[in-house]
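Novice: kindly return the folded structure for what I paste below:
(2 chains, ligands or ions: 1)
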Amino acid sequence: MMVRTIAAALLVAAGTANAADTVTASAGWIRVLPGSLPAGGYVVFQNTGDREVAIVDAESPAYGMAMIHRSSTETGMGRMEMVDRVAIPPKGTVAFSPGGYHVMLEHPTHPVTPGEPVQVIFTLSDGKKLPVTFVARPANANGPKD
Amino acid sequence: MKHITRRRVRLALLALLALVALVGCQREPQPEWKLNDVSGHLPDLDFRLTDDNGKAVTGADFRGKVTVMYFGYTHCPDVCPLTLTQLHVVLDRLGAPADRVRILFVSVDPARDTPAIMHAYVNAFDKRAVGLVGSDRDVEALAKRYRSAFTREPDRGDGNYEVSHSSAIYIFDGSGKARLLATPSASQDDIVHDLHLLTSMETTP
Ligand SMILES: [Cu+2]
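Specialist: Alright, predicted model coming up:
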């Protein structure tokens, strides 16, 4: 009886999970460039919840510095800018992909080699952390697998 | 200061677009290019720079090759790799004729890009890519020649900075004549198609 109550309570807790648990990440990969040049990290976020959640920060034990950036080639000029937050709409998906949003990873703490898993921890707008495992890929990769 | 630079960049781009529109109006019994035909509207390939092996090179050293020129820098982790990867895929799809093509990656960051860094960078994308470096003045002259532009952005505070740069891809034939202009969003099919045509044309160096 007691056990069943606890189980029920746990189920309720899972059902009313807060925002962080409604955001998942998949297909994370890093384009590794030679030496200690900055690298771009790409990933797809999905929000299964009913409320908007934003990605507000990133960090990685493999890099001294991680930032959320966005590239644009509007007006024929290629440029990058730092972004404070990337909103993932309710029941929505946002892809960080080459030429758009990316995690800018600088100052590797060790030589990152293709095939290696790299942990990136995102901070969400509700203060929760979302750890994601990225795979390091060669410079001329097109995605996490090809 | 920055605004003036931006405006100049915008003006240069408008001029470039107007030029492409103008070219589009011409009717000539020419190969059916998929990319923007700029024949006769941009100067021949000409520069004095240093390649990624540290050797002094000029535009004339690439006569006999179709060249694909792109301005960028190695501390560019997103847009430059995207373009270079695309060009790598395009050359692989092109097959044997790709031996007659060279990608020229010109650094717009002379302060940080040495031939050695450029060598490692371009070869990580494609063996047919050549990294080119030069003094501020030489690179500026080359960019200006092709109505291209670049701007060093302010230091981010940690000693690092970005360089905004034109994202156009310039394609020259084997005799060094400017032939085509592509944007990074051009389809790989279109670039493969046009490089097939260009590499199969008779060129008199
Ligand atoms: Cu960036």
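Novice: quick one: name the residues of chain B near chain A.
Specialist: Residues of chain B lying near chain A by CB under 8 Å from any CB of the partner chain: B:9-10, B:13, B:16, B:72, B:74-82, B:84-85, B:88-89, B:117, B:120-121, B:124-126, B:149, B:153, B:158, B:160, B:162, B:164-168, B:183-185. Yep, even glycine has a C-beta here, placed from its N, CA and C like the rest.
Novice: if we go to 6 Å?
Specialist: B:13, B:74-75, B:77-79, B:81-82, B:85, B:88, B:120-121, B:124-125, B:162, B:164-167, B:184 (CB under 6 Å from any CB of the partner chain).
Novice: just the buried ones out of those, please.
Specialist: Among these, those scoring as buried are B:13, B:74-75, B:77-79, B:81-82, B:85, B:88, B:120-121, B:124-125, B:162, B:164-167, B:184 (criterion: 16 or more other CB atoms under 10 Å in any protein chain shown).
Novice: the helices in chain A, which residues?
Specialist: A:2-15, A:19-22 (DSSP state H).
Novice: lowest average pLDDT across those?
Specialist: Ranked on mean pLDDT, the bottom entry among the helices of chain A is helix A:2-15, at a mean of 45.
Novice: low-confidence stretches in the chain?
Specialist: Since no chain was named, I'll use chain A. Residue ranges of chain A with pLDDT under 70: A:1-20.
Novice: hm, I was asking about chain B
Specialist: Low-confidence segments of chain B (pLDDT under 70): B:1-30, B:202-205.
Novice: burial of B:Gly95, as a residue count?
Specialist: B:Gly95 has 10 neighbouring residues, counting by other CB atoms under 10 Å in any protein chain shown.
Novice: next one: it from B:Leu195, what distance?
Specialist: Distance, B:Gly95 to B:Leu195, using CB to CB, to the nearest Å: 10 Å.
Novice: equivalent analysis for A:Pro117, please.
Specialist: As for A:Pro117, its distance to B:Leu195 is 37 Å (criterion: CB to CB).
Novice: between those two, who's got more neighbours?
Specialist: The residue with more neighbours, out of A:Pro117 and B:Leu195 and counting by other CB under 10 Å, is B:Leu195; that gives 24 against 11.
Novice: isn't that one up against B:Leu94?
Specialist: Yes: the criterion here is CB atoms under 6 Å, and B:Leu195 meets it with B:Leu94 at 5.4 Å.
Novice: excluding sequence neighbours, find me the nearest residue to A:Trp29.
Specialist: Leaving aside its sequence neighbours, A:Trp29 sits nearest to A:Pro144 (CB to CB, 6 or more residues apart in numbering or on different chains; 3.9 Å).
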